[in-house]
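Novice: my questions concern the predicted model and sequence given below.
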Amino acid sequence: MVASTAIMPKSAHDIMHNTKVKNYPDGISKITVASRKVFRESGWELITPFSAVKIPKPQSKDSETRSDSQKRSKDKIYDIIAMNRDSFKYFVTLTFDPKKIDSRSPKEVIKVMRSFLKNMVSRKGLSYIFIPEYHKDGKIHLHGIVNDCMELTDSGTRIAEGYDKPLKLETLKRKGIRPEDCKTVYNLPQWKYGHSTAEEISGNTDMIFGYITKYITKDLSKIFGNFYYAGGNLIRNVPFELGDTDYNSFECDFETYCEPAKTGFKYLKIQN
């Protein structure tokens, strides 16, 4: 008869740490150091009260979103991009034709958006991150990055260096710009609810991250209650290590204070 081995409990201070290091495939590491122990080792649960960080969520999805929530969303987007960078191929913008959809109605827009994305994931294997945004005229549109699974058609326009907007082929010819020196702008025939554009993306994680998160503003919380939507076959978890660091002596890129958690945070990104 084999005797069972008891798992001895650990104290909260043994399983809680103030430092978390995320290690990304491209050799980047992001270090977060908190002013108190807020990171718990996996596989352990607290059975006694402990002062871990609990940040209250807004009571309404339509309420103003705090800056700490905005940062958490950006961190999650960075993680997804970094772990799936080679999968994302195109930067996409989707608009809504007011003759087909009330593009000023978040309720109508999100209904169509969710149905379309769910269908594309199941039928085409779509992987995506989309950020909704209000246009100046009050209409909602979507910016996102997707993998290479959607049908593309040439829009007849190109992105030329030094120009903010895509130029038609005849305009390029008139200006003496070779189309082959420009980036092709595509349309997505699967998108039946308005206008669509897609352009190939390239660069490192930071470039792609900056390309899409520039659309995150506090106004986004007034649309659907979320900063972003991600789905498909995506890797979301980043390998990490926990440890303990002297908060006061840790040199960082920047420092913030989370008022709901009564905790300071320092952040540092390094290239290994």
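Specialist: Cool, got the structure.

Novice: would you tell me which helix is longest in this structure?
Specialist: Using DSSP state H, we find that the single longest helix of the chain is helix 106-124.

Novice: with just CA atoms, put that helix into CSV.
Specialist: Taking C-alpha atoms only, helix 106-124 is exported to CSV below (Å, rounded to 0.1, in the frame of the first residue of the first chain):
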residue,chain,number,x,y,z
PRO,A,106,-23.8,50.7,-30.7
LYS,A,107,-26.5,48.1,-30.3
GLU,A,108,-27.0,47.6,-34.0
VAL,A,109,-23.2,47.8,-34.8
ILE,A,110,-22.1,45.3,-32.2
LYS,A,111,-24.8,42.9,-33.3
VAL,A,112,-23.5,42.9,-36.9
MET,A,113,-19.9,42.9,-35.8
ARG,A,114,-20.2,39.9,-33.6
SER,A,115,-22.2,37.9,-36.1
PHE,A,116,-19.7,38.7,-38.9
LEU,A,117,-16.6,37.9,-36.8
LYS,A,118,-18.1,34.7,-35.4
ASN,A,119,-19.0,33.5,-39.0
MET,A,120,-15.5,34.3,-40.3
VAL,A,121,-13.8,32.5,-37.4
SER,A,122,-15.8,29.3,-38.0
ARG,A,123,-15.8,29.4,-41.8
LYS,A,124,-12.4,30.9,-42.6
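
Novice: that helix packs against which elements?
Specialist: strand 128-134, strand 140-147, strand 229-231 (3 or more C-beta pairs under 8 Å, 6 or more residues apart in numbering; DSSP states H and E). Where you see a C-beta, it was placed from the backbone N, CA and C, and this is true even at glycine.

Novice: which positions within it qualify as buried?
Specialist: Residues of helix 106-124 classed as buried by neighbour count (16 or more other C-beta atoms under 10 Å): Pro106, Val109, Ile110, Val112, Met113, Phe116, Leu117, Met120, Val121.

Novice: my guess is the third one meets Asn226, correct?
Specialist: No. Contact status for Ile110 versus Asn226: not in contact, 9.5 Å apart, counting by C-beta atoms under 8 Å.
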